[in-house]
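In: task: produce atomic coordinates for the following.
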Amino acid sequence: MPTPIALTIAGSDSSGGAGIQADLKSFAARGVYGASVITALTAQNTQGVTGVHDVPPEFITAQIDAVFSDLAVGAVKIGMVSRREAIEAIAAGLARWHPPVVVLDPVMIATSGDKLLAPDAIDALRQQLVPKVQLITPNLPEAAALLGEQVATSVGEIEGQGRRLLQLGCGAVLIKGGHGQGPSSTDYLVSAAGTLALAAPRIATKNTHGTGCSLSSAIAAELAKGADIETAARNAKTWISGAIAAADRFTVGHGHGPIHHFYGINPA
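Out: Here you go, the predicted structure:
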């Protein structure tokens, strides 16, 4: 049997909880081999981001070409892309190599509140990457930012924003509900077929660093294994809920700690 391979194109988190590090942990936890293309280095910990060092676009291109020329990539996850030049390099790489499925997590703000995307890059993200992917996974503030609207506060508003995001050209939209309120954390999968609500109990913990990165990566891993988007989203939602529930087993840092990616494998 061929080995399922997923590629993450994202920024590095020096504290290990989000970004490339979270993506590779998520791939491994879901039984998929992970490759990576690093778009930026961050000086980061559980309390915030103190610096960002962008990788030159030509070296992003070199990494993309190195991976695709050798590995049979089954799915791509795109995370932090802080500059227009990086987005252009990635868009060109996708056009050159035609991966079978791409998940875009439009990372704009870290869990700590630090901005990770330059303002002029939002248009490039909207115009050059969103139309090329099968799924985008914004949280509530990111969905609003992509549309230039206020953050949705009702199910009707969330569905409406999901439909308007579809009009940008992507195949489907998963609007994540972690920033919402109430006893349930509900994600909404919006596609041409309609809207599917994926609910789980909201877990009271401050250790949510890397949740968004990990969910989108888990979906990409499921897609690399051959699942359809709905099944991939369901499986990833179940897994991420368990990883958040187990997060307090860790004592990492003094701020928003990481989730427990390997709770199902290593209970410690």
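
In: the biggest strand by length in the chain pairs with which strands, parallel or anti?
Out: What stands out as the longest strand in the chain, according to DSSP state E, is strand 33-45. Sheet pairing for strand 33-45, assigned by DSSP bridges, gives strand 5-13 (parallel), strand 48-54 (antiparallel).

In: so how far is the longest one off the chain centroid?
Out: Strand 5-13 sits 9 Å away from the centroid of its parent chain (CA atoms, centre = their mean, to the nearest Å).

In: show me where the stretch 1-150 of the chain has its strands.
Out: Remark: strands assigned in the stretch 1-150 of the chain by DSSP state E, counting those that start in this stretch are 5-13, 33-45, 48-54, 75-78, 102-104, 135-136.

In: how about low-confidence regions in the stretch 1-150 of the chain?
Out: Applying pLDDT under 70 to the stretch 1-150 of the chain flags residues 109-116.

In: let me redo that: the stretch 151-268 of the chain
Out: 178-183, 266-268.

In: where do the helices sit along it?
Out: Assigned by DSSP state H, counting those that start in this stretch, the stretch 151-268 of the chain shows helices spanning 155-166, 211-224, 229-245.

In: of those helices, which stretch is the most buried?
Out: Neighbour counts (mean count of other CB atoms under 10 Å) averaged over each of the helices of the stretch 151-268 of the chain peak at helix 211-224, with a mean of 30. For the C-beta atoms, the positions are set from N, CA and C on the backbone; glycine is no exception.

In: and the angle from that one to helix 229-245?
Out: With axes from the mean of the first three to the mean of the last three CA atoms, to 10 degrees applied, the angle from helix 211-224 to helix 229-245 works out at 140 degrees.

In: residues contacting Val55?
Out: Ile38, Thr39, Ala40, Leu41, Ala86 (CB atoms under 8 Å, 6 or more residues apart in numbering).

In: quick check: buried residues in stretch 171-191?
Out: 171-178, 180, 185-191 (16 or more other CB atoms under 10 Å).

In: just name the most buried of the strands paired with strand 33-45.
Out: It is strand 5-13: most buried of the strands paired with strand 33-45 by mean count of other CB under 10 Å, with a mean of 27.
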